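Enquirer: after the sequence you'll find the predicted model.
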Amino acid sequence: MNRWSFDGMTESNPPTQTPAPAPTQSQRRIRFGFNVFIAIAAAVAITIMINWLVYSQIDRVSPAWRGVIRYDLTSTRQHSLSDQTVNVLKDLDRDYQIVTLLRSTRSDDSTMLNQARDLIDEYARRTSRIKVEHINPTLDVARLDVFYGTLNSRYESQLTPIKASIDKAREVIARLKQQTASLAPPLRALSQDPSLTDKELQQFLVQFSRVSSRLDADTGLLEDNIQGELARGPLPVYSAARESYKRFLIEFDTKFYGQAIELLEPTTRKISTPATVREGLLHIIEGLKTARTDIAEALKAIEDAPAVESYDKLSVQLSSRDNSVVLLGDQGVRVISLGEMFRPALQKDSNSAEPAFLGEEKITAAIIAMGIKEMPLVIFVHNSPKSPTAPSGGYSEAARRLTNLDFRVEEWSPAGRTSPMGQSMPPSPPPEPKPGQKAVWVLLPLEPPNPQNPMSQTADQAIKVIVDRIAKGDSVMVFTTLSPAARFGPADPIIQFLEPWCLQPSLDRIILRQVQIETKETAAVNIIRLEEWPTALPISQAVRGMNGVIYAASPLELLPTAGKDVKTYPLIEVRAPDMWAERNISKFPNVKLDPAASAPAFTIGAAAETKDNRLILITDPTWASDVIITNADPSLQQQGIGLAEFYGAAYPANAELFINGVYWLGGLDHLIAAGARSQDIRRITGVSKDGRTYLMLSLILGMPAIIAASGIGVWMIRRRG
Amino acid sequence: MTHTLAIAKRELLALFYSPIAYVVMAILALGTTMIFFLSFDLGAPATMRSTFGGVVWLMIFLIPAISMRLLADEFRAGTIEMLMTSPISDTDVVLGKWLGAMGFFIALLIPLFILTAVLGIFSSPDYGPIFTGYVGILLVGGLYMAIGVFASASTQNQIIAFLVALFITCFLTLILFYLPQASFISGGVRTAMFYANVNKQFDDFNKGIIDLRNVAYFLSGIALFLFLAIKVVESKRWR
């Protein structure tokens, strides 16, 4: 029942409130729009966050899990690191940094660059001990400068003495300029002194004053040259600057001041010299002597400052501005150029040489080598008067490669040396390895024993030393040479030395092959190509897919090792049709195939191993010589020598097997490259040129036609329906 | 999910009934075949890498052509009202459109399958990189299609939808390829730009590698653009 109040309103019907006005269209839009904006911003932020987490935080994932994140589905897993490398990376106990300095200058470079970059990223994925940085030298100039500054600072303390010697030389030259400038007026005055009657002396004084006044220009030129040398590469070449100062100071000292003093001093002692002239000359001589003392001080500082070879090597490597990869570790810095990571390798199924990618082998080997404190000492033993490791010595390239790999390379001749004046000198004692350092003796081909040739007796002396060193744990690589008189003459000490190793070379024979030159003509050739390799040891496994060559090889027999404390392994086998081992070497090339001496294969290289020592024997004296390993010409002509670095070696296996052999002999088996990752280049076969054309035309015309016909068909069906 | 699949099926049929689809298919077949035969020769490497690389470039232009009408046509014809008033969520609509278009895209790849078969007849290729290449193409196609759906949802005009999608795909490929090479771009930004480049992300797939980071890039990109498309469609209700 309603209760009425005096104004007629009931208490159960309170007055109605005015409803809130509905939001306008624009208010609704603003509210919803703001919500949508927030939602979109959040979505974008989440997307960016997810990608950032996935990209950058992967480093925190353990290396074992990183392999799960990335699957390489190629048949040879060519984009993944090999098991060998993965094991090496797992065992790393120190940090490394890999910096790529890669820029693309040609379109065909970019595939190689990407391959190198991808590989290096893979290293960083597999271990947290390796940090990678990619710098494009063209685009990232600031970062490049910072990197070079970092490299420079690594060698700061080692470079301090050499920098100090350069500063000293500069200081001395500045003083010389002052002193010499101060000598010019008295020299001129003296030359014009009327009491000076000696015409020669007068002339000299005039010339001397002219030279003194030119000194400013000469030293200015010197400074410009030195600034040029220091700025030549990314790292200042202090050693070149130092040498320039040294040359300048020596020349100035001897040809200028020294000669001046030599000429002036006797004049001061002559009675006929007027007193004023004498006084003037003495004053000048005193100035010159002071200057010479300064020069001697500067030269001493230069001589005393030790060269920093590792820095110089690095400077040279980086100054070439090639695309390269720099590895930095506690033990040092290594530079691997992009060119070193690729090498032409003949693919069996095709006629073109596909570059083999060796980046992983190079980088892994460099990482391992950087962890080794002392690389072995390699001693080239020879009996020729010329140094074999000198530029035209015959083994300079082999020595250079070993040096680049941080081996200490020396040589020794049991026959003595020839002095620079051409005199024979007695043999120096053989080099000694440092305590704890292994030594590998490379016995180059020695003259076979010949009673008429005293030099041939050195083989005995060499073998004695080597036997001694083997007893102390050293290893040896022996190269033999042909010895036609081996059957008749005195016992070859090298053959006797090899007997306990169960290796028997037939040095009186040469392996030849009969080839067809014209329809009915045949000829005997000594150059035989090698394409297949024994797989007993990693040394030769590593060169599979590469070509090698023999030039003057003798057959080698691996004797039974039953009951002996030695194991032998074939390393180099020659396989070719129509081969034989010829005895009448002197009649070569006018020899014919001897069926009795013929065989489908000959061994010409072998390795032998006892409990404590190792030995490698190669019966071709030219195996690792410059003639072979620097030759780009497959027929080994003279003009091909030295071109291997531009065109690739015609027979790269020779050098590789030599280096791997040294690694093995030095106990560095883990440095032997497993060989280029097997390049599984599958190729299109079975289609002729015409077949390709028909196929192309039928697909280019046929497929769009079928699609168009399908479209028309669908349209017609729809139209009917 | 049934609504999504129903819309996807309807869209797939609609695409096959559209003449544009056949034009696009014919162009893709022609282009792909020409690219394939550039590297198909006796003794040449038996690989689909360059073909896949070419297809990914062609997709920049072709996928916007497919996706331009997906939602723009509905807006223009007014049929979107029917969809919005039916018990189908905006998410179902967008996802359905995208899935339908993806189905058509897979059909577009038939010429590629034929070319792979041709390669298989005349060589014994390594099928690992071929498989990963297809995975990569599907992911790239998915991303471009999601971009196309977003562009199509943003406008009633198909041409504008095509141009917007084309601009975004060109940005993610061409611009993010050339811009990082400018010297004024700092190192961190350059790295981010290279990362965001679709072709760079596709590279690993083309080489024979499936890297979950690349997969995360594409899936997150697809999710983002589909989300944006859903939001745009939703906004039609209150605008």
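Expert: Thanks, I have it.

Enquirer: enumerate every residue touching B:Ile130.
Expert: If you count contacts by Cβ atoms under 8 Å, 6 or more residues apart in numbering or on different chains, B:Ile130 has them with B:47-48, B:116. Any C-beta I mention is one placed from the backbone N, CA and C, and that applies to glycine too.

Enquirer: go again with 7 Å.
Expert: B:48, B:116 (Cβ atoms under 7 Å, 6 or more residues apart in numbering or on different chains).

Enquirer: what's the nearest residue to A:Asp406 if we skip its chain neighbours?
Expert: A:Met375 (4.6 Å; Cβ to Cβ, 6 or more residues apart in numbering or on different chains).

Enquirer: now A:Leu446
Expert: Nearest one to A:Leu446, counting by Cβ to Cβ, 6+ apart, is A:Ala459 at 4.4 Å.

Enquirer: can I assume that neighbour is in contact with A:Gln496?
Expert: No - counting by Cβ atoms under 7 Å, A:Ala459 stays clear of A:Gln496, with 10.1 Å between them.

Enquirer: so those two - more neighbours on which side?
Expert: Neighbour comparison, A:Ala459 and A:Gln496: the larger count goes to A:Ala459, with 23 against 11 (by other Cβ atoms under 10 Å in any protein chain shown).

Enquirer: that one and A:Leu556, how far apart?
Expert: Here the distance between A:Ala459 and A:Leu556 works out to 18 Å (Cβ to Cβ, to the nearest Å).

Enquirer: same check, this time on A:Pro634
Expert: 25 Å.

Enquirer: where does chain B have low pLDDT?
Expert: In the predicted model, chain B carries pLDDT under 70 at residues B:83-84, B:238-239.

Enquirer: centroid-nearest residue for it?
Expert: Centroid check for chain B by Cα atoms, centre = their mean gives B:Gly141 as the closest residue, at 2.4 Å.

Enquirer: surely that residue is in a strand?
Expert: No - under DSSP: H, G, I helix; E, B strand; the rest coil, B:Gly141 falls outside any strand and is assigned helix.

Enquirer: for it, give me its contacts.
Expert: B:59, B:63, B:102, B:105.

Enquirer: check contacts around the first one.
Expert: In other words, B:Met59. B:140-141, B:144 are the contacts of B:Met59 under Cβ under 7 Å, 6+ apart.

Enquirer: run a quick neighbour tally on B:Phe40.
Expert: 24.

Enquirer: got it, and B:Asp126?
Expert: Neighbours of B:Asp126 using other Cβ under 10 Å come to 21.

Enquirer: find me the pLDDT at A:Asp178, would you?
Expert: Let me fix one detail, which is that residue A:178 is Gln and not Asp. pLDDT, A:Gln178: 82.

Enquirer: which strand or helix spans it?
Expert: Element membership for A:Gln178 (DSSP states H and E) is helix A:156-191.

Enquirer: swap in A:Ala524?
Expert: If you go by DSSP H and E, A:Ala524 is part of strand A:522-525.

Enquirer: in whatever helix or strand B:Tyr134 lives in, which residues are buried?
Expert: Using DSSP H and E, B:Tyr134 sits in helix B:127-153. Across helix B:127-153, burial judged by 16 or more other Cβ atoms under 10 Å in any protein chain shown covers B:127-130, B:132-134, B:136-153.

Enquirer: stretch A:493-505 too?
Expert: Buried, per 16+ other Cβ under 10 Å, within stretch A:493-505: A:493-495, A:497-498, A:501-503, A:505.
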